[in-house]
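Colleague: 3D, please:
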Amino acid sequence: MKAINLAKTTGLLSVISGIIMLLSTIVFWIIVFSSLLEENSEELNDTISTIMGAFLIIGGGTFFFISVILFILGILSLNYYKNTTLFSPSAPFLIIIGGIIGLIPFIGTLISSICAVIGGMQYLIGIKTLKRVQEKDPSLPF
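Modeller: Sure, this is the predicted structure:
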């Protein structure tokens, strides 16, 4: 049962955090480019600056926290499933790489989110195989 819970946790957290990071990075770049392309009033520029500052402070801390969580989950999953062929071998590596690259501001979060979503989806796909294997032989350690 622990194996299924770890796979679900790793898969769901990776996919959800990857989507959050991807969407927030896209919104960040839309705000940056829209503020650069338009000739805005002084009041609007102040509002955009305030939004950007809040986004950088809150988003930076959140991205750091998510990246560390992804890194830890990737290492735990790699250690737990190292002797099995139930999951794609690239899944934990994608999540670990996503956690490391996510620490790089701006562009790193975009690449990190894509790696996290792909690795998480591989874990979620492998849960069916894991359930079938556990139904056939419940004495297996994973």
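
Colleague: List the residues that contact Thr129.
Modeller: Applying Cβ atoms under 8 Å, 6 or more residues apart in numbering, we find Thr129 in contact with 86-87. (Glycine included, C-beta is placed from N, CA and C.)

Colleague: same deal with Gly126?
Modeller: 7, 86-88, 91.

Colleague: Tabulate the residues you listed in CSV, adding columns for distance to Lys136, secondary structure and neighbour count.
Modeller: As requested, those are exported to CSV (distance: Cβ to Cβ, whole Å; DSSP: H, G, I helix; E, B strand; the rest coil; neighbours: other Cβ atoms under 10 Å):
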residue, distance to Lys136, secondary structure, neighbour count
Ala7, 17, helix, 26
Leu86, 12, coil, 18
Phe87, 17, coil, 24
Ser88, 21, coil, 16
Ala91, 22, helix, 26
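
Colleague: Turn those residues into TSV, including distance to Ser139 and pLDDT.
Modeller: Listed next are the contacts of Gly126 as TSV, based on distance: Cβ to Cβ, whole Å; pLDDT from 0 to 100:
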residue	distance to Ser139	pLDDT
Ala7	19	87
Leu86	16	80
Phe87	20	81
Ser88	25	82
Ala91	25	89
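
Colleague: thinking Gly99 is in contact with Phe71, fair?
Modeller: Yes: Gly99 lies in contact with Phe71 (Cβ atoms under 8 Å); the separation is 3.0 Å.

Colleague: out of the two, which sits in the busier spot?
Modeller: Neighbour count, other Cβ atoms under 10 Å: between Gly99 and Phe71, Gly99 has more, with 25 against 18.

Colleague: and the more buried one, how far is that from Ala116?
Modeller: 8 Å (Cβ to Cβ, to the nearest Å).

Colleague: intersection of neighbour lists for the two?
Modeller: With Cβ under 8 Å, 6+ apart, Gly99 and Ala116 have common neighbours Leu70.

Colleague: quick one: low-confidence ranges for the chain?
Modeller: Low-confidence segments of the chain, defined by pLDDT under 70: 1, 35-45, 140-142.

Colleague: biggest helix in it, by residue count?
Modeller: If you go by DSSP state H, the chain has its longest helix at helix 42-80.
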